[in-house]
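Asker: Generate a structure from the sequence data that follows.
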Amino acid sequence: MSKAQSKGDRKTVRTITRADLSEVVYRRGGLSRVESAELVEAVLDEICDAAARGESVKLSSFGAFVVRSKGLRIGRNPKTGVEVPIYVTNAGYA
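Answerer: Below you'll find the model as predicted:
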């Protein structure tokens, strides 16, 4: 699992990957590694598909995933310095 430090408070932040989730399912669920990876992918795909359809996904005692739109912002190509408009729509955790 990769770790990163947040700037202000120096707390350690862990990033959980698909492989990490698959490993936990493998160890605790009694499935093969391949079956565990397929199960994790199926769950994440369903969350993404539902969010893309405009539905909110609520996992009891955990949280909700929703798609939200942000306003236009101006970005800059780091190689050329040329400014470009950026329109952002992203799935997020609420």
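Asker: can you point me to the longest strand in the protein?
Answerer: For the chain, the strand that runs over the most residues, judged by DSSP state E, is strand 63-76.
Asker: Give me the sheet partners of it and which way each runs.
Answerer: According to DSSP bridges, strand 63-76 forms sheet pairs with strand 57-59 (antiparallel), strand 83-93 (antiparallel).
Asker: What residues sit buried inside that strand?
Answerer: 65-67 (16 or more other Cβ atoms under 10 Å). Heads up, the C-betas are built off the backbone N, CA and C, glycines and all.
Asker: Make JSON lines out of the residues you listed and add pLDDT.
Answerer: Formatted as JSON lines, the buried residues of strand 63-76 follow (pLDDT from 0 to 100):
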{"residue": "Phe65", "pLDDT": "85"}
{"residue": "Val66", "pLDDT": "82"}
{"residue": "Val67", "pLDDT": "80"}
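Asker: Reformat those residues as CSV; add distance to Val13.
Answerer: Shown next, in CSV, are the buried residues of strand 63-76 (distance: Cβ to Cβ, whole Å):
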residue, distance to Val13
Phe65, 19
Val66, 22
Val67, 24
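Asker: Can you pull out the low-pLDDT segments for the chain?
Answerer: 1-9, 89-94 (pLDDT under 70).
Asker: at 50 instead, please
Answerer: 1-3, 94 (pLDDT under 50).
Asker: which helix is the longest one in it?
Answerer: helix 33-52 (DSSP state H).
Asker: Show me the contact partners of that helix.
Answerer: The contact list for helix 33-52, computed with Cβ atoms under 8 Å, 6 or more residues apart in numbering, reads 18-19, 21-23, 25-26, 29, 31, 56-57, 65-67, 91.
Asker: For these, which PyMOL command selects only the ones that are buried?
Answerer: Command for PyMOL that selects the buried part of the contacts of helix 33-52, burial taken from 16+ other Cβ under 10 Å:
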select buried, resi 21+22+23+25+26+57+65+66+67
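Asker: so what's the residue of the chain positioned farthest from its centre up against?
Answerer: In terms of distance from the mean C-alpha position of the chain, Thr80 ranks first, at 29.9 Å (Cα atoms, centre = their mean). Contact analysis of Thr80 by Cβ under 8 Å, 6+ apart lists nothing.
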